[in-house]
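Undergrad: just the structure for this:
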Amino acid sequence: MRALSLLSPGKLSIVDVPELTGEDGVLLKVEMVGLCGSDLNSYRGNNPMVSYPRILGHEIAGTVMEGSSLYAPGTRVMVSPYTHCGTCAACIRGRFNACQCNETFGVQRDGALVEWLRVPEDKLYASSKLSLRELCLVEPLTVGFHAIARGRVTAQDVVAVYGCGGVGLGAIAGAAFRGAQTIAIDQDEEKLNTAQAAGAAHILHTKYDDVTARLMELTNGKGPDVIIEAIGLPQTFRAAVEQVAFTGRVVYIGYAKQPVDYETKLFVQKELDILGSRNALPENFREVIAMLESGMFPVARTISAVVGMEEAPLKFAHWAAQPETVTKILVRVAE
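TA: Residues are numbered from 1 along each chain as shown. Below is the predicted model:
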């Protein structure tokens with residue numbers, strides 16, 4: 001069967017891989033796969049968790065073919081792409097999303113850009129109301145929704161989100177879906193416009209706005225109740241702690257690529273909750289599906305292109321050369 005394999009950084013090729021025989025799990029016909037920034041990093045050779053060759057793809061929409069006791073053949077599903085060991089400290093606490101031994105499709109193990117895939121039944125989520133394109137968006141949005149859950153966001157909160165890329169957009173949509181007043185912060189006007197369409201009540205442009213002053217103005221001088229950092233820059237790591245309200249919550253999704261210097265007295269003086277957020281839990285998948293079914297999310301705005309497997313190598317090269325021109329690429333696996 002055909003697969004799209006990243007043979008080495010910058011070199012994608014359609015290859016033949018063995019047919020699935022004698023394996024456990026539900027057999028899926030892979031219909032469509034979304035690509036995100038981690039796939040681009042793998043293509044560029046900047047993902048330390050990836051070895052080559054590697055079949056990419058973890059944002060999966062497929063059709064059940066056989067092997068399921070819950071879903072009839074022909075049911076459209078999306079897939080949670082993570083594994084968990086069941087024995088590490090995180091798993092024992094029921095927080096499987098943070099499993100110490102996690103392997104994600106397309107990262108630590110081969111992914112979904114292949115015609116057929118077998119997955120455990122408990123990794124499947126179905127919706128008769130969502131299109132293949134919408135099913136591909138579920139997993140990337142869950143990462144932001146999980147951060148919102150970590151921040152214990154309610155309708156009484158003001159939530160500011162640094163970064164309106166795919167992950168930050170999920171956090172914005174998640175906060176808005178819970179009824180919170182949401183503020184989107186970015187330097188890209190198009191991303192800010194998309195964030196507004198996803199539910200942001202206010203948008204702050206870092207090139208033109210005094211972000212601290214505007215946050216204080218929008219919160220009557222208190223600061224946001226929750227700040228989500230979805231960029232991974234030292235300056236935004238610090239800004240989140242400085243700008244959040246007293247007794248507020250700061251949730252970090254992004255990785256800072258260098259050490260971050262803090263004024264640590266703010267942790268104590270404000271009595272802050274500083275939280276990390278990784279991957280997603282089953283309830284996050286269900287909440288995202290409910291949000292997409294409600295029609296609240298601007299699906300069309302978030303998809304730059306839908307291409308076939310043969311077109312994908314050229315599209316990846318364009319993406320790597322001009323990343324600012326691309327938001328989300330979807331690959332049609334089944335023609």
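Undergrad: burial of L124, as a residue count?
TA: By the criterion of other C-beta atoms under 10 Å, L124 has 22 neighbours. (C-beta placed from N, C-alpha, C; glycine too.)
Undergrad: what of V307?
TA: If you count neighbours by other C-beta under 10 Å, V307 ends up with 17.
Undergrad: would you mind measuring from it to H318?
TA: Distance, V307 to H318, by C-beta to C-beta, to the nearest Å: 10 Å.
Undergrad: what of V107?
TA: 23 Å.
Undergrad: before we move on, what about N102?
TA: 31 Å.
Undergrad: the more surrounded of the two?
TA: Using other C-beta under 10 Å as the criterion, N102 and H318 rank with N102 on top: 20 against 14.
Undergrad: is the more buried one in contact with S80, as I believe?
TA: No: with contact defined as C-beta atoms under 8 Å, N102 does not reach S80; the gap is 11.1 Å.
Undergrad: does R249 have beta-bridge partners, and which?
TA: Going by DSSP bridges, R249 is paired in beta bridges with V226, D273.
Undergrad: swap in R118?
TA: For R118, the beta-bridge partners under DSSP bridges are L27.
Undergrad: residues touching it, list them.
TA: 20, 23-28, 67 (C-beta atoms under 8 Å, 6 or more residues apart in numbering).
Undergrad: out of those, who has the most neighbours?
TA: That'd be L28 among these, by other C-beta under 10 Å, with 28 neighbours.
Undergrad: just checking, it touches G67?
TA: No: applying C-beta under 8 Å, one finds L28 not in contact with G67, separated by 9.1 Å.
Undergrad: identify the residues contacting D16.
TA: 1-3 are the contacts of D16 under C-beta under 8 Å, 6+ apart.
Undergrad: pLDDT and distance to M49 added to those, as JSON lines?
TA: Below are the contacts of D16 laid out as JSON lines (pLDDT from 0 to 100; distance: C-beta to C-beta, whole Å):
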{"residue": "M1", "pLDDT": "92", "distance to M49": "25"}
{"residue": "R2", "pLDDT": "94", "distance to M49": "25"}
{"residue": "A3", "pLDDT": "95", "distance to M49": "20"}
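Undergrad: in strands, which of those appear?
TA: Members of the contacts of D16 lying in strands (criterion: DSSP state E): 2-3.
Undergrad: what kind of secondary structure is Y43 in?
TA: helix (DSSP: H, G, I helix; E, B strand; the rest coil).
Undergrad: give the contact list for it.
TA: Counted by C-beta under 8 Å, 6+ apart, Y43 has contacts 6, 9-10, 12, 56, 316, 319-320.
Undergrad: mind listing the strands for the stretch 201-335 of the chain?
TA: 202-205, 226-229, 249-252, 273-276, 305-308, 329-332 (DSSP state E, counting those that start in this stretch).
Undergrad: deepest of these, which one?
TA: The highest average neighbour count among the strands of the stretch 201-335 of the chain, using mean count of other C-beta atoms under 10 Å, belongs to strand 226-229 at a mean of 30.
Undergrad: centroid residue for this structure?
TA: Geometric centre of the chain, nearest residue: P140, 2.8 Å, by C-alpha atoms, centre = their mean.
Undergrad: the nearest residue to that one once chain neighbours are set aside: how many residues sit nearby?
TA: Closest residue in space to P140, ignoring its immediate chain neighbours: G166 at 4.9 Å, by C-beta to C-beta, 6 or more residues apart in numbering. For G166, the count of nearby residues is 22 (other C-beta under 10 Å).
Undergrad: which residues sit in contact with S304?
TA: 325-329.
Undergrad: between the residues you listed, which is nearest D122?
TA: K328 (26.6 Å; C-beta to C-beta).
Undergrad: which ones are touching that closest one?
TA: 34-36, 137, 140, 166, 302-304.
Undergrad: what's the answer for H84, then?
TA: Taking C-beta under 8 Å, 6+ apart as the test, what H84 contacts is 90-91, 96-97, 99, 101-102.
Undergrad: could you give the separation of the lengthiest helix in the chain from the chain centroid?
TA: What stands out as the longest helix in the chain, according to DSSP state H, is helix 132-150. Computed by C-alpha atoms, centre = their mean, to the nearest Å, the chain-centroid distance of helix 132-150 equals 6 Å.
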